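Trainee: structure here, sequence nowhere to be found:
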């Protein structure tokens, strides 16, 4: 199956799990549509698919905050995601997690997967001027050291979210160019929200989102 990878223009949709993540952006007259999907994979899959069945978009941008496994990524730093994965889709037995693609129930190279990953090959990842990272998407965010080590061992991803793989999966299936943009709010496993840098992450996220949309609209 051929996938479009050209730079997006016009008819752009910006999505986020919560309104607070892109509230500054939504106050501007940018000429693009926005969609608040709700938190998590089921809500994102449903609402995004419903919207693209109604309107043909040239590009979809997902924006939000994220936790990081990679301590070289600083709080508030904004990144773009090249590849994402459903991080808790599989089997857990005796505290050992096996991704579905390492069982007889999944083919790691069945489209849209490549070696189990959902990969964005858009040129914008190289031209936007932001760090490019790998992500893992989970249904349950926790402070479990076992879960954190399982995710690190199995995927070696830089960041963790609850919606990113849904964007990659739908857009690859529907042949729609897309970008996942995230700003770091906390280290994965840190449940003391007083230590999270949510405001700084949202401020930087929206500043970079505005620049990205302007770049896309000017193409």
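Mentor: Yep, it's here. Everything numeric here is computed off the predicted structure, so don't read it as measured data. Numbers count the residues shown, from 1 in each chain.
Trainee: partners of residue 35 in the sheet?
Mentor: Taking DSSP bridges, one obtains residue 15 as the residues bridged to residue 35.
Trainee: from residue 118, how far off is the residue of the chain most remote from its centre?
Mentor: Ranked by distance from the centre of the chain (C-alpha atoms, centre = their mean), the top residue is residue 94, with 29.9 Å. When C-beta to C-beta, to the nearest Å is applied, the distance between residue 94 and residue 118 equals 29 Å. Bear in mind the C-beta positions are built from the backbone N, C-alpha and C, glycine included.
Trainee: so residue 43 touches residue 37, yeah?
Mentor: Yes. Assessed by C-beta atoms under 8 Å, residue 43 is found in contact with residue 37 at 5.3 Å.
Trainee: who touches both of the two?
Mentor: Residues touching both residue 43 and residue 37 (C-beta atoms under 8 Å, 6 or more residues apart in numbering) are residue 17.
Trainee: one step back: so the residue farthest from the centre of the chain versus residue 146, what's the distance?
Mentor: Distance from residue 94 to residue 146, by C-beta to C-beta: 11 Å.
Trainee: what does residue 191 give?
Mentor: For residue 191, the distance to residue 146 (C-beta to C-beta) stands at 15 Å.
Trainee: picking that back up, quick check, pLDDT for the residue farthest from the centre of the chain.
Mentor: Reading off the per-residue confidence, residue 94 sits at a pLDDT of 75.
Trainee: give the contact list for it.
Mentor: When contacts are counted by C-beta under 8 Å, 6+ apart, residue 94 is found next to no other residue.
Trainee: renumber starting at 57 from here on
Mentor: Noted, 57 is the first residue going forward, which turns the last one into residue 150.
Trainee: quick revisit: name the residue in residue 99 and residue 93 with the higher neighbour count.
Mentor: Neighbour tally, residue 99 and residue 93, criterion other C-beta atoms under 10 Å: the higher count belongs to residue 93, 24 against 16.
Trainee: pull out the buried positions in stretch 115-131.
Mentor: Across stretch 115-131, burial judged by 16 or more other C-beta atoms under 10 Å covers 115-126, 129, 131.
Trainee: low-confidence bits of the protein, can you list those?
Mentor: Residues of the chain that meet the criterion pLDDT under 70 lie in 57-66, 275.
Trainee: how about the helices of it, start to end?
Mentor: In order along the chain, the chain carries the following helices (DSSP state H): 79-82, 97-110, 180-183, 201-211, 220-230, 254-273.
Trainee: which one of those helices lies closest to residue 73?
Mentor: Using C-beta to C-beta as the criterion, the shortest distance between residue 73 and the helices of the chain is 7.0 Å, found for helix 97-110.
Trainee: mind giving me the packing neighbours of the closest one?
Mentor: When contacts are defined as 3 or more C-beta pairs under 8 Å, 6 or more residues apart in numbering; DSSP states H and E, helix 97-110 sits against strand 68-72, strand 89-92, helix 220-230.
Trainee: at 6 Å instead, please
Mentor: helix 220-230 (3 or more C-beta pairs under 6 Å, 6 or more residues apart in numbering; DSSP states H and E).
Trainee: flag every buried residue along the helix it packs on.
Mentor: Result for helix 220-230 [16+ other C-beta under 10 Å]: buried residues 220-228, 230.
Trainee: sweet, I'm off.
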